[in-house]
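Peer 1: 3D, please:
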Amino acid sequence: MKILVINCGSSSLKFQLIDMKDESVICKGSIERIGLPISGGENNIIYKVNDQTFLSDKSVPTHVDAFNTVKELMTESENKVLDSFDEIDAIGHRVVQGGDRYTKSVLIDEKVVKDIEELEPLAPLHNPANLQGYEACLAVVGPDVPQIAVFDTAFHSTMPPMAYMYALPYEFYEKYGIRRYGFHGTSHRYISHRCAQFMGEKIEKLKIITCHLGNGSSIAAVKFGKVFDTSMGFTPLDGFMMGTRSGGIDPSVVTFLQEKLSLSPHQVEEILNKQSGVSAISGGYSDDRDVVAKQNQGDQRAILAHEMQAYQIAKYIGSYVAAMNGVDAIVFTGGIGENGFWLRSKICSYLGFLGVEINQSINQKTVKGAEAELTHPTDNVRVFILATNEELMIARDTKAIVENLK
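Peer 2: Numbers count the residues shown, from 1 in each chain. Next up, the predicted model:
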C-alpha cells in the first residue's frame, strides 16, 4: 500500500509518499509561496528522491495547482517514482484542530468537512489551510481515493477535566469551547510509543514526558500511554517561550498593552505570536542556531533567552513529574530537541532531584535524526533523544482506516 501524506499551510504544501510494506519513504518535498509572487532565482519547490534533492521555481496560484505539481513530479518528471497516480491507495492529511469532536483519525466525508469548518475559530490559521489541502486532492484524484484526517489534538483528548478546564465562567466552555486542547499530538504520540519501544517496555506501564522543541514547542505528560496534561492550551501560544511566541503570561498584560498603546486585540495577538519569545529577548533571533552563535560570542541577551527557555521547560517537566506522581523517561525531539545540546544539558541540570545525570559526551555528539540515550539503562529516570516522525504516524493511521473499509 502506498500512502501520500499531505500537510497544508495557507501558502505551502508539504508531502511525503510512503510505501507501507516496509514504511520506507519513496519521495518527499514541499511547495512554498502558493498564491504569492515568486522572485527571480527563488526555489519554492523542493523534491527529494533517493537522497537526491531537486530544486525548482514555479508560480503556483492555488493549492490545486500545487497538488497538480506534486502529481507531475511523481509521475511525469525525470525523477518520477510512479507510472500513474492510481498507484496511490490513500491520502492522509494533518488537521490541526479537531476540538472535542474528534478523538481519533477519521475518513473524511461531508460531515467531517463541515465539522472542520465549524472548528475554524479555534484554529483560524490552520484548519482552513488543512481543508484546502483536502479539497485540492479531491479536485485532482476524485472521490474514489480515500482521504483521512489525522488531528493534532486527538492524542490529547484523554486529558482529565481538571487538566483541560480553565477557571473561567463555565458557560464560556459550554458555548465557545474554551479549554485546553494541546497540539503537536501526532508527534507526542509517535515519540511516546517509540520511547517505550526503545526501552523494551509496554507503554501502558510507563510515565513519559515528551518534549517537542522547535520554533513551536510543547511538552506532554503521557501516563500509561495516555496524555495526562500538555503545555499548549486553547491555542499553540500557551506554554513556555518559543521562537517568536511568548508562551504563558499574566493575562492582565494583554489588557494593559491594549490600554497603554491603544492596540486592537489583533495587534496584541500579533505581538504575542510573532514578536515575542526567544526572538524578543535575544534581539531578533528566533532560529536556535543563530541564538547559539550569538551566545557563543558572549551576547548577554542571547544567553538570557536560552537561560529563560531552559528554566521554563524544566519547570514544566518538574510539574508533570508531580502531576503523574513520578516519571520513567524524558524524551527530547524536534529541531531544537534533537540538535540543541546546550539546551538539553541546561534543562537536565535542573533535574538532579530525579537523579538525572546525562552523559555529556553523547549529548554533544548526537546529531539530528539520531537516536540516543543520555543516561544509563539502569537509572530510575532515563533521558532520550529520539527523532519524531509525524508523517509516518499519519500514514499508519491512514492505512489502518483504509484496511477497515475493505
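
Peer 1: tell me the contacts of the closest residue in space to Val96 that isn't next to it in sequence?
Peer 2: Closest residue to Val96 apart from its sequence neighbours, by Cβ to Cβ, 6 or more residues apart in numbering: His126 at 3.7 Å. All C-beta spots, glycine's among them, are computed from the backbone N, C-alpha and C. Neighbouring residues of His126 by Cβ atoms under 8 Å, 6 or more residues apart in numbering: 9, 95-97.

Peer 1: same check on Gly337?
Peer 2: 211-214, 344, 385.

Peer 1: 6 Å instead?
Peer 2: Contact partners of Gly337, counting by Cβ atoms under 6 Å, 6 or more residues apart in numbering, are 211, 213.

Peer 1: how much space separates the residue located most distally from the centre of the chain from Val268?
Peer 2: Most distant residue from the mean C-alpha position of the chain: Lys260, 34.6 Å away (Cα atoms, centre = their mean). The gap separating Lys260 from Val268 is 11 Å, by Cβ to Cβ, to the nearest Å.

Peer 1: overlap in contacts of the two?
Peer 2: Here Lys260 and Val268 have no joint contacts, going by Cβ under 6 Å, 6+ apart.

Peer 1: just to revisit the earlier point, between the contacts of His126, which has the most around it?
Peer 2: Neighbour counts for the contacts of His126, by other Cβ atoms under 10 Å, peak at Val95, which reaches 33 neighbours.

Peer 1: per-residue pLDDT, it?
Peer 2: At Val95, the pLDDT value in this model is 94.

Peer 1: repeat that for Gly334.
Peer 2: Gly334 carries a pLDDT value of 92.

Peer 1: ok, the residue lying closest to it once chain neighbours are set aside - contacts?
Peer 2: Spatially, and ignoring its direct neighbours in sequence, Gly334 is nearest to Gly214 (4.0 Å; Cβ to Cβ, 6+ apart). By Cβ under 6 Å, 6+ apart, the contact set of Gly214 is 334-336.

Peer 1: got JSON lines for those, with distance to Gln312, neighbour count and secondary structure too?
Peer 2: Output for these, formatted as JSON lines (distance: Cβ to Cβ, whole Å; neighbours: other Cβ atoms under 10 Å; DSSP: H, G, I helix; E, B strand; the rest coil):
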{"residue": "Gly334", "distance to Gln312": "16", "neighbour count": "23", "secondary structure": "helix"}
{"residue": "Gly335", "distance to Gln312": "18", "neighbour count": "19", "secondary structure": "helix"}
{"residue": "Ile336", "distance to Gln312": "13", "neighbour count": "26", "secondary structure": "helix"}
